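Student: okay, sequence plus prediction incoming.
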Amino acid sequence: MSSQRPPKPFLNIWLKRTRKQLSISGRLSELALVLARTGEKDAEFWRIKLQRILACKEDPTFELLTFIDSFLSSSAAASDSERGECELQLF
């Protein structure tokens, strides 16, 4: 019997996008700190867990997946508004 994990196309697409977004310097650590503030686990626990998920050694729970998506989308919206403010200041 094979020990390979069954294919999960949605998860694979999500992982590829999430890896790219978390590759920005400090983003993974920032997410780990935010997760640490929401529960009893510390930032180091979350940093390791996130690295394991991104390395396909562990699957995220649905709740964690949606939390990460929410974090990344709010971060992207914040950086878009900051970028817009900087562009406005040029004029």
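Tutor: Looks like it arrived, so ask away. Numbers count the residues shown, from 1 in each chain.

Student: and Arg19, what is it in contact with?
Tutor: Listed by C-beta atoms under 8 Å, 6 or more residues apart in numbering, the contact partners of Arg19 are Leu54. Where you see a C-beta, it was placed from the backbone N, CA and C, and this is true even at glycine.

Student: what about it, is that helix, strand or coil?
Tutor: Using DSSP: H, G, I helix; E, B strand; the rest coil, the structure places Arg19 in helix.

Student: how near is it to Pro60?
Tutor: From Arg19 over to Pro60 the distance is 13 Å, taken as C-beta to C-beta, to the nearest Å.

Student: for Glu40, same thing?
Tutor: In terms of C-beta to C-beta, Glu40 sits 18 Å off from Pro60.

Student: higher neighbour count, the two?
Tutor: Taking neighbours as other C-beta atoms under 10 Å, Glu40 and Pro60 compare with Pro60 leading, 19 against 6.

Student: the nearest residue to that one once chain neighbours are set aside: what secondary structure?
Tutor: In space, and not counting its chain neighbours, Pro60 is closest to Ile53: 5.0 Å by C-beta to C-beta, 6 or more residues apart in numbering. State at Ile53, reduced to three classes by three-state DSSP: helix.

Student: give the contact list for Ile53.
Tutor: Ile53 sits in contact with 15, 59-60, 64, where contact means C-beta under 8 Å, 6+ apart.

Student: what's the answer for Trp46, then?
Tutor: 31-33, 35-36.

Student: what's the ChimeraX line that selects buried ones from those residues?
Tutor: Restricted to buried positions by 16 or more other C-beta atoms under 10 Å, the ChimeraX selection for the contacts of Trp46 reads:
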select :31,32,35,36
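
Student: worst-scoring helix or strand of the protein, pLDDT-wise?
Tutor: helix 62-90 (a mean of 72; mean pLDDT, DSSP states H and E).

Student: so which strand or helix has Leu35?
Tutor: According to DSSP states H and E, Leu35 maps onto helix 27-37.

Student: sorry, back to before: the contacts of Ile53 in helices, which ones?
Tutor: In helices, defined here by DSSP state H, the members of the contacts of Ile53 are 15, 64.
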